[in-house]
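Participant: fold the following for me, if possible:
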Amino acid sequence: MYDIRRPSGLGPSIEEHASIVHPYRVQVPSLPTYRPTSPLPVEILTAILSHLPRLLVPALALLPRDFLCAAQTILYSDLDMRNSRHGDALWVFLVTRRDLTSLTHTLRVPAWPSPQARMYLIPRVLARMDNLRSLTLPSFDIHVVRHHSAFGLRHVEFGDTRLSGQAEAELLTWLDGQTNIVSLHFPSLLDDGDDSSPSTPLPATPTRSRLLSAPTTPGRLSLFPMPPLSPLPPTPTPTQESFTHTAATLLPNLTALHGPPHLIILLAPSRPLIDVSITISMPIYAGFRPTTTLESLPPSVRRLKFVFKSVGKRTEEKTLHSAAVVCPHIEELEIEGEASEDRWCSVVPQFKSLRVLIMQKPGTKTEKQQSLDGRFPLPKRARMRSTSSCIISQSGHSMVLSEKARAARLATACPALVRVVFPNGVEWRRPPPPPPSRSQIAVLSASSPDG
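Facilitator: Purely as a prediction, here's the structure:
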């Protein structure tokens with residue numbers, strides 16, 4: 001009835017092979033210890049975020065602190081008030097945040113805000129921008145810039161159209177000691193022989209110790225207490241006897257200057273200028289002397305630009321002839337005026353060292369437009385010389401025969417010329433020399449002393 005099980009003998013056999021099976025048992029490794037990744041340095045984050053559209057950067061400031069610091073560096077390092085819809089509110093905010101004003105390297109103010117902001121806020125903000133390198137203001141105002149004590153400025157631009165004698169003296173006094181400035185631009189300043197009109201005067205305002213009344217717009221700050229700025233002694237009015245325009249501390253490193261003739265004559269001598277732009281608004285018959293202006297330029301000048309403001313074709317042509325005589329080593333010449341290309345191109349061959357020629361009419365943009373490169377046949381006379389070959393770039397303009405002929409004549413007359421931009425946007429470029437052929441390489445290698 002009962003089934004008696006017999007021993008199978010498996011037990012002893014398993015015990016015998018246990019020593020063999022044990023080493024091959026599956027062993028699960030222990031999980032690695034969690035180590036949080038180290039955050040990216042703020043400098044690397046700033047470099048990454050700088051490639052994003054500027055409108056997306058503020059949203060990243062809501063992320064962890066490292067992103068906030070990187071976003072603030074991008075947003076406040078380059079302040080352009082043209083992009084601000086609430087100028088006064090931004091100036092009030094900057095007054096209260098010195099940690100942000102210390103990040104600013106470039107400040108552009110295209111137009112003055114309200115009189116209160118101009119008198120109280122902007123001077124205080126400028127005084128706190130210790131790392132400012134580039135400054136653009138709608139006009140020179142000694143009351144605005146006199147409290148900026150940092151001497152790291154390198155690029156300065158003022159949008160004055162007129163500069164009185166007193167304002168000019170205050171400008172020179174302020175510039176004296178700004179030894180790091182390398183470029184000074186007055187792109188709209190004109191020479192008309194009238195120094196009686198002041199430079200954008202400030203409106204009548206109370207003393208600095210009063211409270212600043214901001215614009216009373218609903219939802220805006222209506223009263224902002226402003227303690228007075230640190231008192232400075234009144235700015236003296238320099239005289240010719242007490243001020244030397246060639247002082248060693250007045251713009252000793254200036255390399256780029258843009259202004260009218262009288263400012264060029266005043267500041268150009270004894271400066272290491274390389275790039276000079278002259279705005280000419282006075283014709284020759286009214287007293288303009290191109291030779292006197294150009295003789296004030298140092299021999300280091302290599303780029304020269306003339307901006308003619310309705311002075312007549314004769315003044316333009318006389319000025320170019322004087323430049324060819326006084327400045328024969330110019331390498332880049334830019335002309336903006338109303339004369340014809342024929343008049344300009346007739347003088348250009350006198351510049352034997354010229355490499356770049358840019359011609360444009362008033363109101364046209366100087367930015368290089370995206371264009372297509374193509375080869376165009378030159379006139380038969382131009383094909384006779386190898387220097388006449390060229391590459392023409394077009395931006396929606398047709399290349400006419402007269403421009404081909406001008407390019408050929410200029411290329412022949414100016415051996416160093418490599419680029420010409422015509423007023424209609426057509427650009428000529430001299431092609432690079434072809435690589436040497438095998439026969440030329442063989443001749444050169446055979447004539448070399450090591451060969």
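
Participant: could you use CA atoms for every contact and neighbour count after this?
Facilitator: Will do.

Participant: what residue ranges in this protein score low on pLDDT?
Facilitator: 1-28, 34-38, 149, 192-246, 365-401, 440, 443-444, 446-451 (pLDDT under 70).

Participant: residue ranges of the strands in it, please?
Facilitator: 78-80, 106-108, 134-137, 155-158, 183-185, 256-259, 275-280, 303-308, 332-336, 356-360, 372-374, 391-394, 419-421, 427-429 (DSSP state E).

Participant: between these, which one is nearest to residue 286?
Facilitator: With Cα to Cα, the closest approach to residue 286 among the strands of the chain belongs to strand 275-280: 11.7 Å.

Participant: next, format the strands of the chain as a markdown table and append distance to residue 40.
Facilitator: Formatted as a markdown table, the strands of the chain follow (distance: least, Cα to Cα, whole Å):
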| stretch | distance to residue 40 |
| --- | --- |
| strand 78-80 | 23 |
| strand 106-108 | 26 |
| strand 134-137 | 29 |
| strand 155-158 | 33 |
| strand 183-185 | 36 |
| strand 256-259 | 39 |
| strand 275-280 | 41 |
| strand 303-308 | 44 |
| strand 332-336 | 45 |
| strand 356-360 | 45 |
| strand 372-374 | 42 |
| strand 391-394 | 44 |
| strand 419-421 | 45 |
| strand 427-429 | 45 |
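
Participant: which one of these lies nearest to residue 439?
Facilitator: strand 391-394 (26.8 Å).

Participant: before we move on, back to that, can you tell which of the strands of the chain is closest to residue 174?
Facilitator: Of the strands of the chain, nearest to residue 174 by Cα to Cα is strand 155-158, at 11.9 Å.

Participant: which other residues reach that closest one?
Facilitator: Strand 155-158 is contacted from outside by 133-140, 181-187, using Cα atoms under 8 Å, 6 or more residues apart in numbering.

Participant: try stretch 288-301
Facilitator: In contact with stretch 288-301 (Cα under 8 Å, 6+ apart) are residues 261-262, 264-265, 268-276, 282, 318-319, 322-323, 326-327, 330.

Participant: now do stretch 262-272
Facilitator: 191, 245-246, 251-255, 257-258, 278, 293, 296-298, 300-301.

Participant: okay, buried residues for it please.
Facilitator: Using 16 or more other Cα atoms under 10 Å as the test for burial, stretch 262-272 gives 263-265, 267-272.

Participant: need those residues in CSV (columns: distance to residue 310).
Facilitator: Formatted as CSV, those follow (distance: Cα to Cα, whole Å):
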residue, distance to residue 310
263, 19
264, 20
265, 21
267, 25
268, 24
269, 27
270, 31
271, 30
272, 30
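
Participant: and these, which two are the farthest apart?
Facilitator: 263 and 272 (15.7 Å).
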